[in-house]
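J.: here's a sequence, model it:
(one chain, ligands or ions: 1)
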Amino acid sequence: MTVSEVQERYPLAGGSGGVVGAALIGNIGQLAEPVSMVIFGITGDLARKKLLPAIYDLAHSGQLPADFDLVGFARETADAETQLRESVTAYARTPFDPEVWESLAERIHLVQGSFDDTAAFARLSARLAELDVRRGKSGNYVFYLSVPPSFFATVCDQLAICGLNRSAHGWRRVVVEKPFGHDLASSQSLGVALERVFPPSSIYRIDHYLGKETVQNILALRFANGMFEPLWNNRHIDHVQITMAESVGVTGRAGYYDGVGAARDVIQNHLLQLLALIAMEEPVAFDADGIAAEKIKVLSATELLGPLAETSARGQYGAGVENDVPVPGLADEAGFPADSATETFAALTVGIATRRWAGVPFFIRTGKRLARRTAEIAVTFTPPVHGSPASRAAAVSNVLVFRVQPDDGIELHIGAKRPGGGMHIQPVSLGMDFRSVFDPAPEAYERLICDVLRGDATLFPRREEVEWSWKVVDPLLDYWTGCGRPETYRSGSSGPASAERMLSRTARAWRTL
Ligand code: NAD
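T.: Numbers count the residues shown, from 1 in each chain. As a prediction, this is how the structure comes out:
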């Protein structure tokens, strides 16, 4: 490709010249149109810890539209304002600036009500209309459902009853948080309930992993560089490991987690999305339609590899340590029955039935109370097969690692000669740490909220992606239902012994946690 073809294909942020700085996905600097954003559940955990702080950070960096208003819908509004200020001071990325807060606080409006109260939605409608008139806005609304999933359909139906889901003048968008169902059937019902009220193009499903810079860099590394793509196939890649490990336990979220477990909570969404970005073909365009089309293709070709007794593993943390402090097992934690069968560790093997990936296993694992907090994708290349017996003995498997968190960056493991006599090869690592190269990146929620305001759906999984992912995970969940309680592993370890066996059977090993 010539430089001008590259520039045409990867348009430049801000329109400046040169290949450096080319934007594969969106331009965060473009301001959105005037808008009112409604957060349902504004006093809840997610809104306080992530959404409000992200909105404050956007205000701090001047990225909110001038005519932005935030309307909080809450059961109790009595001390909501104080709570919101406290959440910004505690969780925002940027320092608390009273001036920025005051100007944002003037734009925050509260509507008191319950989700089953149609009169409250009528009050919301009147408030939004009043803000439109006061600021001369044309009725662009974002509805952010930061509410328990059991209320998604109720809130959408109430919006429809009050006519808030459509407008002759402005646009309407709705944002929903995972979980998108607990299996394929419930996910399809949720899709139907949302699409009864909003057209598919107005529905933004948040998978906050996709807002992370390292995750977006998977596409940059693959498609903006020439050297990786020719090797990106079953002739050169031995296997791929995708890991998300947490050192903490369920920490007070028993109500949500019991009966959900690690596979539904993390693998069905975040980790299969990572797989899609690693394995997809190059999109025709780096926009919402282009990327979704390729992700859907790859997810629809993804299948569990069996036999499941050997290719998957499931565990529940028992007593042990969390950051060197003794902790009880899950079954002794408040909110969990002593015989809970909820898994806190899940691992599975999938294959992708395409010419590019046939025969390459993708090993996926996640767990709580593991030895270390990390999220990464490790692509292991096949070792060299030709050469003298001596060079074969010294051969190493190159591994390309995308570190998603913490310390996001990219590493390439190669073999190098150890100094001195003889030809002794030692694995060494070439590394790139994002924080040492680039300015601090916005938090995932800043990026995603900004994209919703601008109407850029590139980083939001579509309904088909969600449903194909359930089709991958559902058979494993069914299989586990008949397997009794998960195997216990020690808190602070690297997971259950069955997970180690799962890989050693294939003559491979998990990367050390
Ligand atoms: P939460 O229970 O802390 O908050 C829910 C909010 O909804 C509260 O403000 C509550 O008052 C309000 N609410 C509940 N029932 C209501 C009713 N009948 N009428 C009016 N208001 C009502 O939940 P959360 O943890 O903030 O999660 C919100 C959504 O985000 C859920 O879909 C959850 O699965 C998802 N999510 C949360 C997190 C997280 O870190 N908390 C992470 C990922 C996804």
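J.: CA only for contacts and neighbour counts going forward, please
T.: OK.
J.: excluding chain neighbours, what is closest to V111?
T.: Excluding the flanking residues, the one nearest V111 by C-alpha to C-alpha, 6 or more residues apart in numbering is F73, at 4.9 Å.
J.: next one: that neighbour, what pLDDT does it get?
T.: The model reports F73 with a pLDDT of 95.
J.: am I right that it falls within a helix?
T.: No - per DSSP: H, G, I helix; E, B strand; the rest coil, F73 lies outside any helix segment and is strand.
J.: might one say that it is in contact with A47?
T.: No - F73 is beyond contact range of A47, at 11.3 Å (criterion: C-alpha atoms under 8 Å).
J.: what touches both of these two?
T.: The overlap between the contact sets of F73 and A47 (C-alpha atoms under 8 Å, 6 or more residues apart in numbering) consists of 39, 41.
J.: and the residue of the stretch 301-450 of the chain that's closest to the ligand?
T.: Taking C-alpha to the nearest ligand atom, the ligand has its nearest neighbour within the stretch 301-450 of the chain at Y445, 11.1 Å off.
J.: what about that residue, helix or strand, and which?
T.: For Y445, the host element (DSSP states H and E) is helix 444-454.
J.: which is the next helix or strand following that helix?
T.: Remark: after helix 444-454, the chain's next helix or strand is helix 463-481, criterion DSSP H and E.
J.: buried residues, that next one. List them.
T.: For helix 463-481, the neighbour count (16 or more other C-alpha atoms under 10 Å) marks 463-474, 476-477, 480 as buried.
J.: how many neighbours does L304 have?
T.: 21 (other C-alpha atoms under 10 Å).
J.: show me the contacts for the residue of the stretch 251-400 of the chain found nearest the ligand.
T.: At 7.4 Å from the ligand, Y256 is the closest residue in the stretch 251-400 of the chain, using C-alpha to the nearest ligand atom. Neighbouring residues of Y256 by C-alpha under 8 Å, 6+ apart: there are none.
J.: up against the ligand, what does this structure have?
T.: 41-47, 74-75, 113-115, 146-149, 177-179 (C-alpha under 6 Å from any ligand atom).
J.: how about a cut-off of 8 Å?
T.: 40-50, 73-76, 113-116, 145-149, 151, 176-179, 256 (C-alpha under 8 Å from any ligand atom).
J.: if any of these are buried, put those into a PyMOL selection.
T.: Buried residues among these (16+ other C-alpha under 10 Å), as a PyMOL selection:
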select buried, resi 40+41+42+43+47+48+49+50+73+74+75+113+114+115+145+146+147+149+176+177+178+179
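J.: where helices are concerned, which of the residues of the chain next to the ligand count?
T.: Those of those mapping onto helices are 45-46, 256, per DSSP state H.
J.: among those residues, name the least confidently predicted one.
T.: Scoring those by pLDDT puts Y256 last, at 85.
J.: if I look at that one, how far off is G335?
T.: In this view, Y256 and G335 are 10 Å apart by C-alpha to C-alpha, to the nearest Å.
J.: over to S202?
T.: 37 Å.
J.: low-confidence ranges in the stretch 401-513 of the chain?
T.: The stretch 401-513 of the chain contains no residues with pLDDT under 70.
J.: of S202 and G335, who's got more company?
T.: Of the pair S202 and G335, S202 is the one with more neighbours under other C-alpha under 10 Å, namely 20 against 16.
J.: the closest residue to that one other than its chain neighbours sits in which helix or strand?
T.: Among residues not flanking S202 along the chain, R173 sits closest, at 4.6 Å (C-alpha to C-alpha, 6+ apart). Using DSSP H and E, R173 falls within strand 172-177.
J.: tilt between that strand and helix 444-454?
T.: Angle of strand 172-177 versus helix 444-454, following axes from the mean of the first three to the mean of the last three C-alpha atoms, to 10 degrees, is 160 degrees.
J.: chain center to strand 172-177: distance?
T.: The chain centre lies 16 Å from the centre of strand 172-177; the measure is C-alpha atoms, centre = their mean, to the nearest Å.
J.: excluding its own residues, what touches that strand? List them.
T.: 140-146, 149, 152, 165-166, 198, 202-207, 452.
J.: tell me which of the residues you listed fall in strands.
T.: 141-145, 203-206 (DSSP state E).
J.: most surrounded residue in those residues?
T.: Y204 (27 neighbours).
J.: OK, contacts around that residue?
T.: Counting by C-alpha under 8 Å, 6+ apart, Y204 touches 173-176, 452, 457, 460-462.
J.: change it to 6 Å
T.: 175, 460 (C-alpha atoms under 6 Å, 6 or more residues apart in numbering).
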